[in-house]
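Engineer: Got a predicted structure here, sequence first:
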Amino acid sequence: MFRFLHALFAALCLLAAPAAFAQARPPLVLAAASMQESLNAAADAWAAQGHPRPILSFAASSALARQIEAGAPADLFISADQDWMDAVAAKGLLRPRTRAPFLRNTLVLIGPAGQSRTVAIDRRLPLAAMLGNSRLAMADPDAVPAGKYGKAALQSLGLWRGVENRIARGDSVRAALALVERGQSPLGIVYATDARAASTIRIIGTFPASSHPPIVYPLATLKTSRSPDAEPFRRFLLSAKAKAIFRRFGFGA
């Protein structure tokens with residue numbers, strides 16, 4: 001959230017500058033927390049082509065959507081699910097014909113790096129017993145996409161009722177990841193891309209794709225967009241060159 005507020009303050013300063021300077025400002029991109037490493041790499045590749053580097057602000061998609069609804073002067077929005085993009089669209093805050101399906105992800109169960117055990121995630125998984133007296137780290141299952149996908153997966157596998165009162169809720173998927181990294185939770189549910197970004201945890205098992213809705217990241221331009229680079233950067237993100245970058249970080253296109 002601090003990074004988001006910092007980027008938002010920078011954007012407001014640019015908007016307050018003389019018109020000629022404001023026209024040259026780079027796009028402000030509000031993106032799901034799980035995209036930190038990959039989107040920074042894509043922004044670096046864009047800047048290497050001679051463009052001003054986009055301003056990137058990461059948080060849970062739910063928090064970003066609420067900021068957009070509150071009038072945040074951003075250019076692009078990348079949500080980790082369709083629901084929060086739908087919520088922004090319902091408010092009439094998307095520029096027409098700019099929304100596109102962008103990336104896909106996978107849901108995994110993680111534990112400490114020193115744990116060698118792997119499991120098959122199905123209805124026979126003794127998840128509650130694996131937790132012992134501890135809690136399962138998840139992004140908020142009532143609001144944050146990673147948590148919503150995780151809850152849906154556990155419900156479909158008949159595992160939710162055994163752990164629903166033992167959830168350590170994070171305000172983003174990265175917050176849930178941090179709980180496992182710090183040893184505050186022995187197990188967590190995150191995206192595969194988040195697990196790859198952390199050296200102190202490992203993937204214990206992968207949730208069947210059929211156990212939850214497809215994890216699709218939509219991308220769209222916001223009606224508040226004023227940066228001349230917003231549309232070119234949006235097209236770059238959807239290009240084969242950018243998709244190769246995201247695949248390197250574990251995303252599907």
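Structural biologist: Done, it's in.
Engineer: Just the element for Val29, please.
Structural biologist: With the criterion set as DSSP states H and E, the secondary-structure element containing Val29 is strand 28-32.
Engineer: Wait, Ala63 touches Asp171, no?
Structural biologist: Yes: under the criterion of Cβ atoms under 8 Å, Ala63 lies in contact with Asp171, with a separation of 7.3 Å. Any C-beta I mention is one placed from the backbone N, CA and C, and that applies to glycine too.
Engineer: how deep is Arg226 tucked in, by neighbour count?
Structural biologist: Residues within reach of Arg226, counting by other Cβ atoms under 10 Å, total 17.
Engineer: what's the spacing between it and Ala80?
Structural biologist: When Cβ to Cβ, to the nearest Å is the yardstick, Arg226 and Ala80 sit 25 Å from each other.
Engineer: List the contacts of the strand holding Val29.
Structural biologist: Contact partners of strand 28-32, identified using Cβ atoms under 8 Å, 6 or more residues apart in numbering, comprise 4, 7-8, 10-11, 39, 43, 54-61, 64, 67-68, 72-80, 145, 173, 217, 227, 233.
Engineer: Would you tell me what the next helix or strand after that strand is?
Structural biologist: helix 36-47.
Engineer: This protein: helices as residue ranges?
Structural biologist: Taking DSSP state H as the test, the helices found in the chain are 2-16, 19-23, 36-47, 61-69, 82-90, 127-131, 145-156, 160-163, 173-181, 192-196, 230-237, 240-248.
Engineer: looking at those, which is closest to Asn105?
Structural biologist: For Asn105, the closest of those is helix 192-196, at 5.8 Å, according to Cβ to Cβ.
Engineer: Quick one: mean pLDDT over the closest one.
Structural biologist: Across helix 192-196, the average pLDDT comes to 95.
Engineer: what packs against it?
Structural biologist: In terms of contact count using 3 or more Cβ pairs under 8 Å, 6 or more residues apart in numbering; DSSP states H and E, helix 192-196 is assigned the packing partners strand 107-112, helix 173-181, strand 201-206.
Engineer: which stretches of the protein have low pLDDT?
Structural biologist: Segments of the chain classed as low confidence (criterion: pLDDT under 70) are 1-24.
Engineer: So for it, which residue is the most central one in space?
Structural biologist: The central residue of the chain, meaning the one whose C-alpha is nearest the mean C-alpha position (Cα atoms, centre = their mean), is Ala32 at 3.0 Å.
Engineer: show me the contacts for the nearest residue to that one once chain neighbours are set aside.
Structural biologist: The shortest distance from Ala32 to any residue other than its chain neighbours is 3.8 Å, reached at Ala80 (Cβ to Cβ, 6 or more residues apart in numbering). Residues counted as contacts of Ala80 (Cβ under 8 Å, 6+ apart) are Ala32, Ala33, Ser34, Ser61, Asn105, Pro145, Ala146, Val173, Tyr191, Ile215, Tyr217.
Engineer: Please apply the same query to Arg53.
Structural biologist: Pro26, Ala43, Asp44, Trp46, Ala47.
Engineer: buried subset of the contacts of strand 28-32?
Structural biologist: Buried subset of those (neighbour count, 16 or more other Cβ atoms under 10 Å): 4, 7-8, 11, 39, 43, 54-61, 64, 67-68, 72-80, 145, 173, 217, 227, 233.
Engineer: and stretch 55-72, how far from the chain's centre?
Structural biologist: In terms of Cα atoms, centre = their mean, to the nearest Å, the centre of stretch 55-72 is set 11 Å apart from its chain centre.
Engineer: Return that stretch as PDB; C-alpha atoms alone will do.
Structural biologist: Taking Å, rounded to 0.1, in the frame of the first residue of the first chain, the C-alpha atoms of stretch 55-72 are listed here in PDB:
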ATOM      1  CA  ILE A  55       5.200   4.000 -13.000                       C
ATOM      2  CA  LEU A  56       4.100   0.700 -11.400                       C
ATOM      3  CA  SER A  57       2.000   0.300  -8.300                       C
ATOM      4  CA  PHE A  58       1.200  -3.100  -6.800                       C
ATOM      5  CA  ALA A  59      -1.500  -4.200  -4.400                       C
ATOM      6  CA  ALA A  60      -4.300  -6.600  -4.100                       C
ATOM      7  CA  SER A  61      -6.700  -6.300  -7.000                       C
ATOM      8  CA  SER A  62      -9.500  -5.500  -4.600                       C
ATOM      9  CA  ALA A  63      -7.600  -2.500  -3.100                       C
ATOM     10  CA  LEU A  64      -6.700  -1.200  -6.600                       C
ATOM     11  CA  ALA A  65     -10.200  -1.400  -7.800                       C
ATOM     12  CA  ARG A  66     -11.400   0.600  -4.900                       C
ATOM     13  CA  GLN A  67      -8.800   3.200  -5.500                       C
ATOM     14  CA  ILE A  68      -9.900   3.500  -9.100                       C
ATOM     15  CA  GLU A  69     -13.500   3.900  -8.000                       C
ATOM     16  CA  ALA A  70     -12.300   6.600  -5.700                       C
ATOM     17  CA  GLY A  71     -10.800   8.500  -8.600                       C
ATOM     18  CA  ALA A  72      -7.100   7.500  -8.700                       C
END
